[in-house]
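[1] Sequence first, predicted coordinates after that:
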Number of protein chains: 2
Amino acid sequence: MDQKFWYECNSIKNLQNDANLMKNTKIADLIEQNSNSGQFDAQFNDIYFDFCRQKINTSVLNHLFEFADERNVVKKIRDMFEGEIVNITEKRAALHTLLRYPYTQNNIKNYTQNDIKNYTQNQQNIYKKQQNNIQNVHSVLNQIQLFSQQIRQGEFCGYFGDKFEYIICVGIGGSFLATQFVFEALLANQNAYKLSNNFNLMFLSNVDPINFTQITQKVNPKKTLVIIISKTFTTAETMLNAQLMKEWLIEQLGNSDVIEKHMIAVSTNSDLVQNFGINLKNMFGFWDWVGGRFSVTSAVGILPLSIVFGFDFINQFLNGCYDMDMHFLNTSINKNIPILMALISFWNSSFFNLNAVAILPYCQALHKFCGHIQQLIMESNGKCTSTFGGILDKKTSEIYFGEPGTNGQHSFYQLIHQGQVIQTEFIGFIVPPLQISAKNSEITAHDELMCNFFAQPDALAFGKTAETCLAEGIADWLVPHCMFTGNRPSSILLLPELSPYYLGCLLSLYEHRTVTQAFIWGINPFDQYGVQLGKVAAGEVRKYLENTKGNSVTKKNVKPFCSSTQKLLNTYLKY
Amino acid sequence: MDQKFWYECNSIKNLQNDANLMKNTKIADLIEQNSNSGQFDAQFNDIYFDFCRQKINTSVLNHLFEFADERNVVKKIRDMFEGEIVNITEKRAALHTLLRYPYTQNNIKNYTQNDIKNYTQNQQNIYKKQQNNIQNVHSVLNQIQLFSQQIRQGEFCGYFGDKFEYIICVGIGGSFLATQFVFEALLANQNAYKLSNNFNLMFLSNVDPINFTQITQKVNPKKTLVIIISKTFTTAETMLNAQLMKEWLIEQLGNSDVIEKHMIAVSTNSDLVQNFGINLKNMFGFWDWVGGRFSVTSAVGILPLSIVFGFDFINQFLNGCYDMDMHFLNTSINKNIPILMALISFWNSSFFNLNAVAILPYCQALHKFCGHIQQLIMESNGKCTSTFGGILDKKTSEIYFGEPGTNGQHSFYQLIHQGQVIQTEFIGFIVPPLQISAKNSEITAHDELMCNFFAQPDALAFGKTAETCLAEGIADWLVPHCMFTGNRPSSILLLPELSPYYLGCLLSLYEHRTVTQAFIWGINPFDQYGVQLGKVAAGEVRKYLENTKGNSVTKKNVKPFCSSTQKLLNTYLKY
């Protein structure tokens, strides 16, 4: 564990010095040198990462590596993989990486035993300690494999014998966002699209009854399977929606026996699952060492995704995660993509006060990616307390936002080009799921998309001077509106294709980049105490509304609200 | 037009002085006083706005009003309504408010002539000048009313006589985001849901062919009506998608005559519309004084929405916009909701360096609201050049991001509570579209949602001290992780219901808040030169790809790329 704040480290002096020197450096003047040095890109399995367009030169880079050493980043990563109690506040390990340890049962040959041996030769000790956990993981994967097959073949079916077509995931936050991202992304893959042909996957997350109404209006209850996803099986929103779904199913199907057939669960709490009325045979477990926002590779995500796309297909997603895990664990810092990304964001936000990162996937299928990233990073690293208990007096996590390109170009890119300076991360795919071209066009529609992908980072870096504007004949008075300062940092991530394997790589990459940033700042990325206060406060309002609207004679004790809240509540209750 | 930067104004001294004094003020200590003073809320038509939880006291408020006076905000607003050339760089008016001037034809009695007279008694001069434009607006509304009725009744139908079921809007940015927001929001309204019963509205915006493929995989071409929406009819993404749709329709339906029946347009450019093959009878016009991101109340949004929900229903949306327009135009600053919101954001970002605003609608149906707001505000105000041509040396627009509550609570709220300080705007509705309750619950599901809505602003303002944590029995070492500094600003907007009328109010409110911020900062919210450079740069890449992949013997002249981009292009082309 760290014993001091990151900004008290010795190596910080060099970085601060660099930052002062770089203040007036133009990114445009660094690109050639950076690109030619070979130090500003990294590759893994045909994934190409380029960060030539950062306000970083070789000196900065080396000092960042020294700093990472001083922060014991490599040791902390190893601790995480080895199952040390890295989640120190909740006294838990964070072993989501175990969830993708290759599962080779039933001749799914994505990995041979030899592959695994090669992969793990450097970390046999790591996985040796975890044999029990790995067995548990694989046992649940086996359960998912069999169950998803039964659903897909109609062997496990509705109470009246109907094959399931509507799969409703009831869960919120980490039980929802990553699964939704992966599902939406995969739908654009043509193989996945065919595999999913008979299923509609829906997400009931919000406690807002609109979410419930809109879903139940669309489905046939006889063909509906509901998966309740909650680690503790106590999450307020999820349990209310689970209750509403249960009552709805019973009402629609006319029989309370339907629950055992139409509702299943992903949880760590078998007592509450059973009490709810779900058959424990249809409960899929995970473990306290899997945090919600790192849980998509547990049954939380793998169960619904396997039902919709088939287990074999989704196993490739797990393989992608595993391979990126190995890259993260085994690659030296200077070519380690997640660590590089973490160091870059750290540099920009901690030394240049760039408090926001735009995530810009040039892929419409990644339209839910940013929603997952917001939770992953902002919930993990939006904290002010160091692991040793000291309150940081510098900011930690940046704000993350974004939309797929080119849609974003017609929206907030104006600000990115001529407003405040934002860190940007461009994500693109080389091969599209389908090649489509307009007649008489020399390039494909995907090429059109990628023209923008390749153009934007340079536009941000180089900008456009007043001189260029004048040379183009723009009127004097208009020039200040048409010029671009440039000098805006970006990174580029180019992946081969939108396959389950590479989506796994992408997911794992951002997971690891997130924890690395936390390790650098010296905060715990695995807890979320910041969401507690709001929950408790909502409980107070609930008691007040129950007192006012309910039938109980004994009223609950409620602390008085401030005048403003009381006025708002009066307005609310007037209707 | 302003002649100096906002920070050179005399009244800024008072505000800067206030900001220094307020630095250590706790929001928690202001709330009671603010709430009791009656100065920190405003109401309009049962919309309730509360800003007691800002770092603003009476002195700040009065100085903000003085500053607004010095910035001539009221005059600038009036200029906009009167059709002055407020878009000074493009030399255009910005008359989107005319689009909702009440349309009373055919006995749609939402407004009597008397209503209108009352409304306009203070601004007769404003609308008197605009009689021609108003006639044009109403003439297009009349065209929309008739045409949408023909579609809904199956009188205007597909080439083979099929009633249209799939309405595909091809458009990007301002031709898409607001319409999508309003459409998704209305779908949760039960009347709207019934009215939309026979129609699927889809949006083809992204040049990524995934967008095209996923839509065409879902629709029956015989029952598909395509609306091409582009002000200039030259937007690259839109024209490529229009071309792809055209080729697809001809291929699917086996006849090039189908285009006149299956494709219509919203545009200002009749020549290009006609050249494309669309019958001008099926073109719906608008005008150069309607900016893209302010265009949803033109045919851009009203045509598709009227097809799906019926014109009479959507006319209520226009009425909501108009009434908020009147509130904005006629209400004194101290009770003018859009102006107050603008001044609050200005204060937070310009004096406390709070560079981000989280938009937090406690309504799942508003899940596309933030996408519209990002464009509306970040494209309007993400600029660095003042209207008189000087480059501002202070930041302008904040970053906007957000998700519906309670989903966001399980995602990025951690950062909002314990990470960097963010401006937050809570939006809630009193009456839900449907009342749903779990059995044995004393409150409804909507109440559960609203408990969180009422609780979060206080949690953000008051926080939780170490003492409280200790008193609750939290272990010493854990207290720093469980305490909350509080002192985080928020505003609250409470609307009566999710109706087309109140959605109109909400839309117009944010439009006006946006332009008011621009008026204060002295920038032009109506142009978007910041998106040009990327477009041009993409054209260079396109030429390169055409040279490399195309069949032309004569190669186009392309400027060399930087090494980094060339490497990326080589990687891309290797596949």
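    Received it, and whenever you're ready, just let me know what you need.

[2] Contacts for whatever helix or strand residue A:266 lives in next, please.
    Element membership for residue A:266, per DSSP states H and E: strand A:263-267. With C-beta atoms under 8 Å, 6 or more residues apart in numbering or on different chains as the test, strand A:263-267 has contacts from A:171, A:175, A:225-233, A:242, A:245-246, A:249, A:273, A:276-279, A:282-286, A:298-300, A:303. C-beta coordinates here come from the backbone N, C-alpha and C atoms, glycine included.

[3] Partner strands of that strand and their direction?
    Its sheet considered, strand A:263-267 pairs with strand A:224-229 (parallel), strand A:283-285 (parallel) by DSSP bridges.

[4] Can you tell me what sits against the first one?
    Applying C-beta under 8 Å, 6+ apart, the set of residues contacting strand A:224-229 from outside is A:151, A:158, A:164-171, A:175-176, A:238, A:242, A:245, A:249, A:262-267, A:273, A:276, A:278, A:300, A:303-304, A:307.

[5] Check stretch A:530-540 too.
    A:236, A:379, A:382-383, A:558-559, A:561, B:409-410, B:413-419, B:451-452, B:454-456, B:458-459, B:463-464, B:482, B:484.

[6] Past the helix or strand containing residue A:135, which element shows up next along the chain?
    Using DSSP H and E, residue A:135 maps to helix A:131-152. Remark: after helix A:131-152, the chain's next helix or strand is strand A:166-170, criterion DSSP H and E.

[7] Who are the packing partners of the helix or strand following that following strand?
    Later in the chain than strand A:166-170, the nearest helix or strand by DSSP H and E is helix A:177-187. Contacts defined by 3 or more C-beta pairs under 8 Å, 6 or more residues apart in numbering or on different chains; DSSP states H and E place helix A:177-187 against strand A:200-204, helix A:299-309, helix A:369-373, helix A:500-521.

[8] so where is the stretch 451-575 of chain A shaky, pLDDT-wise?
    Of all residues in the stretch 451-575 of chain A, none has pLDDT under 70.

[9] Pick out the residue of it closest to chain B.
    residue A:550 (3.1 Å; C-beta to the nearest C-beta).

[10] count of residues packed around that residue?
    14 (other C-beta atoms under 10 Å in any protein chain shown).

[11] What of residue A:24?
    7.

[12] any idea how far chain B is from it?
    Per C-beta to the nearest C-beta, to the nearest Å, residue A:24 is found 15 Å from chain B.

[13] Quick check: that residue is in a helix.
    No - if the criterion is DSSP: H, G, I helix; E, B strand; the rest coil, then residue A:24 is coil and not within a helix.

[14] how far away is it from residue A:32?
    Between residue A:24 and residue A:32 the computed distance is 18 Å (C-beta to C-beta, to the nearest Å).

[15] With residue A:48 instead?
    Taking C-beta to C-beta, one finds residue A:48 at 18 Å from residue A:32.

[16] same check, this time on residue A:441
    33 Å.

[17] Buried deepest among the helices and strands packed on helix A:177-187, which one?
    Of the helices and strands packed on helix A:177-187, the one with the most neighbours on average (mean count of other C-beta atoms under 10 Å in any protein chain shown) is helix A:299-309, at a mean of 27.

[18] Let's test this: mean pLDDT of that helix, rounded?
    Across helix A:299-309, pLDDT averages out at 98.

[19] Filter the contacts of strand A:224-229 down to the buried ones, PyMOL style.
    The following PyMOL line selects those of those that are buried, judged by 16 or more other C-beta atoms under 10 Å in any protein chain shown:
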select buried, chain A and resi 151+158+164+166+167+168+169+170+171+175+176+238+242+245+249+262+263+264+265+266+267+273+276+278+300+303+304+307
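
[20] Could you measure from residue A:30 over to residue A:308?
    Separation of residue A:30 from residue A:308 (C-beta to C-beta): 45 Å.

[21] now do residue A:468
    51 Å.

[22] what about the nearest residue to residue A:523 once chain neighbours are set aside, is that helix, strand or coil?
    Nearest in space to residue A:523, with sequence neighbours left out and distances taken as C-beta to C-beta, 6 or more residues apart in numbering or on different chains, is residue A:383 at 4.8 Å. With three-state DSSP as the basis, residue A:383 sits in coil.
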